[in-house]
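S.K.: Next comes the sequence, and after it the predicted model I'd like to discuss.
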Amino acid sequence: MKLFNVLLCSGLTLLAASAGAFGTVRYVDANSVTPAAPYTNWAGAARVIQNAIDVASAGDEIVVTNGIYNTGGRAVSGTMTNRVAVTKPLLLRSVNGPQYTIIGGYQVPGLTNGTGAIRCVYLTNNATLSGFTLTNGA
C-alpha cells in the first residue's frame, strides 16, 4: 500500500507539472460573429488567423475551423506581405483538414511577385502548420 501511495503521488506530481507545459488554445472562425481577444473559445474566435497569432505566446495552439482565409497579413522582412506570419514557436492547425481550410495568398496578375503580392505563410523555427491548403501565394 505504501508503494502505491508513493507511485500515486509521483504520478499526480508529474501530471500537475506537465499541465503547465502546454500553452493556451486559441480559436479562429472566418464566420465568427463576436470576435474577442484573446480568442480562447469558439464564441469569441478571431475571424483572421493573424489576429490570433498576434495575441498568442510561444507554445500556444491555434485551432482554425473550416473556411477560406484570405484577409489580413503581416510583413516579416522587407515589404512582401505574408497572409499568415507565425513569428513564434506555436502550433497552427485546422480542425477538419486541408480540404476544408484554405489560406489564400495573392499573385499580381501576370506575375508571381511584385508590389501587392502576398505569400501564404511564413513560419519561424519550431512553429508547426498542419492541415491547410495553401493557394495563390506569391
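M.R.: Thanks, I have the structure now.
S.K.: check contacts around the residue positioned nearest the centre of the chain.
M.R.: Taking Cα atoms, centre = their mean, the centroid of the chain lies closest to L92, which sits 3.1 Å from it. The contact partners of L92, taken as Cβ atoms under 8 Å, 6 or more residues apart in numbering, are I49, I53, I62, V64, V84, V86, A127, T128, L129, S130, F132. The way it works is simple: take the backbone N, C-alpha and C, and place the C-beta from them, glycine included.
S.K.: so it bridges to which residues?
M.R.: I62, L129 (DSSP bridges).
S.K.: and the closest residue to N82 other than its chain neighbours, backbone torsions?
M.R.: If the residues on either side of it in the chain are set aside, N82 comes closest to Y122, at 4.0 Å by Cβ to Cβ, 6 or more residues apart in numbering. Here is the backbone geometry of Y122 (degrees, to the nearest 10): phi -110, psi 130.
S.K.: Next one: the residue nearest to the centre of the chain from T34, what distance?
M.R.: 22 Å (Cβ to Cβ, to the nearest Å).
S.K.: what's the weakest-modelled helix or strand in the protein?
M.R.: helix 2-19 (a mean of 40; mean pLDDT, DSSP states H and E).
S.K.: And the next helix or strand past it?
M.R.: Per DSSP states H and E, the first helix or strand lying C-terminal to helix 2-19 is strand 25-28.
S.K.: Report the next helix or strand after that following strand in sequence order.
M.R.: helix 49-55.
S.K.: chain center to that next one: distance?
M.R.: In terms of Cα atoms, centre = their mean, to the nearest Å, the centre of helix 49-55 is set 7 Å apart from its chain centre.
S.K.: now stretch 127-138
M.R.: So, by Cα atoms, centre = their mean, the centroid of stretch 127-138 is 11 Å from its chain's centroid.
S.K.: Same question for stretch 46-56.
M.R.: Mean C-alpha position of stretch 46-56 versus that of the full chain (Cα atoms, centre = their mean) differs by 7 Å.
S.K.: What residues sit buried inside stretch 59-77?
M.R.: D60, E61, I62, V63, V64, T65, G67, Y69, N70, G72, G73 (16 or more other Cβ atoms under 10 Å).
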